[in-house]
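>>> Generate coordinates for the sequence data below:
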Amino acid sequence: MWQVSSETGRLTDVLLCPPSHYRWVPTNSIVRRTLAAGGTTPNQAELALQHGELRDALREAGVRVHLLPPEPHLPYMAYTRDPAIITPWGPVLGQLERPQRRGEYASYIRFFEGHAWRMSSAGTLEGGDVHIIREGLALIGCSGGRTDEAGAEQLAGWLRDEGWEVRVEHFDEHFLHLDVLFCMAAPGLALAAREILGPDFLAWLTRHGIRTIDVTYDEVMHLGANIVALGGGRVISALESVRINQALRAEGLKVLDPALSFFTMGGGGPHCLTCPLIREG
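Got it, this is the predicted structure:
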């Protein structure tokens, strides 16, 4: 059974999708910024090379990689985080907001062989907005642009029914998903865009014993806060996030740093590109 009860437990299994049909679609502020600066979608060889670096980093960390078959008409399938959220009770199938991504649900139903703990049916819900911080504590982002109020509250209600504390955090849809602004790095440590998220959110983190490494607006727009914790004092962070990687290493973490610029320029980093299936602890 696929089961995740924290963002920082040891990752043993992960779901990826090869970027065989990936291309930049101007549906978020990050890729629009890239295109406005004259960026052009990289070719398939370049994409495969960088995605291969991510797979190599996961395998180096002892993580079993499961692959979804890519489909030609779904250009953003490589961002496997969004269509499903794995909980301690199994998968929750989300509802993606953008028309270009809605067809992705079918691959997840097939992969999970029709078994899901819950299926989102109110509003929209995307995995990049959901953080299972630790057993009993969850954070759900709500920008109205990808995850809306109805979708966030439906998931929050299911978790609260299990006795969990859940915070629904509202933020500007300019930032796409909450994992562009915030990601756990290790138990009690996160990356966070402090100025953007604000003092109330930071105070909530402090009450729950979570320290933060600050991330600037420019780093946010290059997906610098978008990392994936592997457990055991290890994280994956994009090679291009030089200052952030130094800060993570200064905290004693081992940073595996594949080059991922072609994906971050399109609006997604390591957290977006990975759907954890099993975490221990």
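
>>> next SSE after the lengthiest helix in the chain?
Determined from DSSP state H, the single longest helix within the chain is helix 44-60. Counting by DSSP states H and E, the next helix or strand C-terminal to helix 44-60 is strand 64-67.

>>> what's the spacing between that next one and its chain's center?
Between the centre of strand 64-67 and the centre of its chain there are 16 Å (C-alpha atoms, centre = their mean, to the nearest Å).

>>> hmm, back to that, buried stuff in the longest helix of the chain?
47, 50-51, 53-55, 57-58 (16 or more other C-beta atoms under 10 Å). Placement of C-beta: from N, CA and C, glycine included.

>>> ok, of these, which one's closest to Ala116?
Of all those, Ala116 sits closest to Leu58, with 24.1 Å by C-beta to C-beta.

>>> Report the contact partners of that closest one.
By C-beta atoms under 8 Å, 6 or more residues apart in numbering, the residues touching Leu58 are 11, 14, 16, 65, 236, 274.

>>> from what I can see the third one touches Val65, true?
Yes. Assessed by C-beta atoms under 8 Å, Leu16 is found in contact with Val65 at 5.8 Å.

>>> Report the set of residues contacting both of the two.
In contact with both Leu16 and Val65: 55, 58, using C-beta under 8 Å, 6+ apart.

>>> outside of the helix or strand of the chain with the lowest mean pLDDT, which residues touch it?
None of the helices or strands of the chain scores lower by mean pLDDT, DSSP states H and E than helix 29-36, at a mean of 89. Contacting residues not belonging to helix 29-36 are listed as 24-26, 174-176, 180, 221, 223, 264-267 [C-beta under 8 Å, 6+ apart].

>>> What's the PyMOL syntax to select whichever of those residues are buried?
Per 16+ other C-beta under 10 Å, the buried members of those correspond to this PyMOL selection:
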select buried, resi 24+25+175+176+180+221+223+264+265+266+267
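
>>> The contacts of helix 29-36 in helices, which ones?
Going by DSSP H, the helices hold 221, 264 from these.

>>> In TSV: the contacts of helix 29-36, plus distance to Trp204 and pLDDT.
Below are those laid out as TSV (distance: C-beta to C-beta, whole Å; pLDDT from 0 to 100):
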residue	distance to Trp204	pLDDT
Trp24	35	90
Val25	34	88
Pro26	34	89
His174	22	95
Phe175	18	96
Leu176	22	95
Val180	19	98
Met221	24	95
Leu223	24	97
Thr264	27	96
Met265	32	94
Gly266	31	93
Gly267	26	94
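
>>> can I assume Leu197 is in contact with Asp172?
No. If you go by C-beta under 8 Å, Leu197 and Asp172 don't touch, sitting 10.6 Å apart.

>>> neighbour-wise, which of these two wins?
Legend: neighbour count by other C-beta atoms under 10 Å for Leu197 and Asp172, higher for Leu197 (20 against 12).

>>> still on that earlier bit, who has more neighbours out of Leu16 and Val65?
For Leu16 versus Val65, the count of surrounding residues by other C-beta under 10 Å is larger for Leu16: 19 against 15.

>>> which residues does the more buried one bridge with?
Leu16 has the following beta-bridge partners by DSSP bridges: Leu67.

>>> what do you get for Arg10?
Beta-bridge partners for Arg10, by DSSP bridges, are Glu280.
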